[in-house]
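Engineer: Structure, please.
(one chain, ligands or ions: 1)
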Amino acid sequence: MTRRIFNTNIFFSYIYSAIGKNVLLFSSTENLTYIGIEKPILMGENYLLLPEAFEAFEKMKMAAEKDGLRLWGTSGYRSFESQKTIWNEKYKKLKLQFPSYSEIDIINCIIEFTAIPGTSRHHWGTDIDIVDAFGYKNENPLTNENFSEKGEYQYLNYWLSKNAESFGFCLVYTENPDRTGFKFEPWHYTYFPLSKEILHKICNYSFEDIKEMKTVLGNELFSKSYFESYKSNYLFGINHFLIS
Ligand SMILES: [Zn+2]
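Structural biologist: A predicted model of the protein is given here:
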């Protein structure tokens with residue numbers, strides 16, 4: 001959705017609320033929420049989720065505990081600002097490390113695992129990176145090796161693949177070789193009863209119009225056409241179940 005449409009919505013929101021129909025007021029706030037600018041109502045301490053997703057995660061956590069696992073989120077909700085910090089740090093590091101890389105080379109490296117600020121599913125409060133707190137010793141627990149057959153999260157991986165769906169959670173970035181976009185992330189789960197709907201709403205956004213995008217390194221390349229292809233390859237390069 002373009003900035004112009006945001007403003008139009010705000011204008012209509014005012015008119016509607018003045019006559020007692022605040023439906024549009026709600027949806028214009030919603031728009032800014034999905035891109036991480038406005039903070040939604042969240043639950044949790046160390047990791048934050050929308051209340052419905054948090055409660056579902058707590059239920060899954062209790063069931064997992066009975067099977068000897070302590071589910072823990074290394075990252076739940078993230079604002080535009082926190083995603084920007086991650087993005088800009090990676091950008092600066094890569095630029096130093098590979099001086100011959102062009103802007104697009106650097107961006108292509110970052111988007112192997114990290115979403116452009118404003119486009120991250122972590123803005124929605126529905127997605128969470130899960131580890132087992134009993135085995136959480138590593139500085140960087142989110143590696144494919146840890147979740148592989150010989151890794152310390154082997155059992156966690158198995159347990160989630162068998163049980164997560166019954167609590168409303170599923171893997172987003174699967175190992176399917178036909179999938180485009182972000183690389184395989186065996187730790188990133190989404191609460192699909194809410195996130196399937198959000199994806200449908202967010203796909204009409206014109207991310208290039210987000211004014212805060214100007215503070216994101218490499219943003220000169222984020223044209224309308226760049227985002228069109230990014231949307232189809234990355235936002236929709238996910239577990240097919242989530243777009244069905
Ligand atoms: Zn994640």
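Engineer: only C-alpha atoms for contact and neighbour calcs from this point on.
Structural biologist: Noted.
Engineer: Let me know the next secondary structure element after the host helix or strand of residue 54.
Structural biologist: Using DSSP states H and E, residue 54 sits in helix 51-66. Scanning forward in sequence from helix 51-66 by DSSP H and E, the next helix or strand is strand 71-75.
Engineer: ok, and for that following strand, which residues are buried?
Structural biologist: Within strand 71-75, the residues scored as buried using 16 or more other C-alpha atoms under 10 Å are 71, 72, 73, 74, 75.
Engineer: Show me what the following helix or strand past it is packed up against.
Structural biologist: Downstream of strand 71-75, the next assigned helix or strand under DSSP H and E is helix 80-97. Packing partners of helix 80-97 (3 or more C-alpha pairs under 8 Å, 6 or more residues apart in numbering; DSSP states H and E): helix 103-110.
Engineer: just checking, what packs against the next helix or strand after the helix it packs on?
Structural biologist: Next along the chain after helix 103-110, taking DSSP H and E as the criterion, comes strand 127-132. Based on contacts counted as 3+ C-alpha pairs under 8 Å, 6+ apart, the elements that strand 127-132 packs against are strand 71-75, strand 188-191.
Engineer: tell me the domain boundaries of this protein?
Structural biologist: 1-34, 45-243 (automatic domain parsing).
Engineer: contacting residues around residue 46?
Structural biologist: Applying C-alpha atoms under 8 Å, 6 or more residues apart in numbering, we find residue 46 in contact with residue 73.
Engineer: Tell me who's in contact with the most centrally placed residue in the chain.
Structural biologist: Central residue of the chain (C-alpha atoms, centre = their mean): residue 121, 1.9 Å from the mean position. Applying C-alpha under 8 Å, 6+ apart to residue 121 gives the contacts residue 127.
Engineer: For the ion, see how far away it is.
Structural biologist: According to C-alpha to the ion, to the nearest Å, residue 121 stands 8 Å off from the ion.
Engineer: Pull up the gap between residue 177 and the ion, please.
Structural biologist: 19 Å.
Engineer: Just list the residues touching that residue, thanks.
Structural biologist: Counted by C-alpha under 8 Å, 6+ apart, residue 177 has zero contacts.
Engineer: what bits of this protein have low per-residue confidence?
Structural biologist: 1-29, 135-138 (pLDDT under 70).
Engineer: isn't residue 32 right up against residue 79?
Structural biologist: No. Taking contacts as C-alpha atoms under 8 Å, residue 32 lies outside contact range of residue 79: 10.7 Å.
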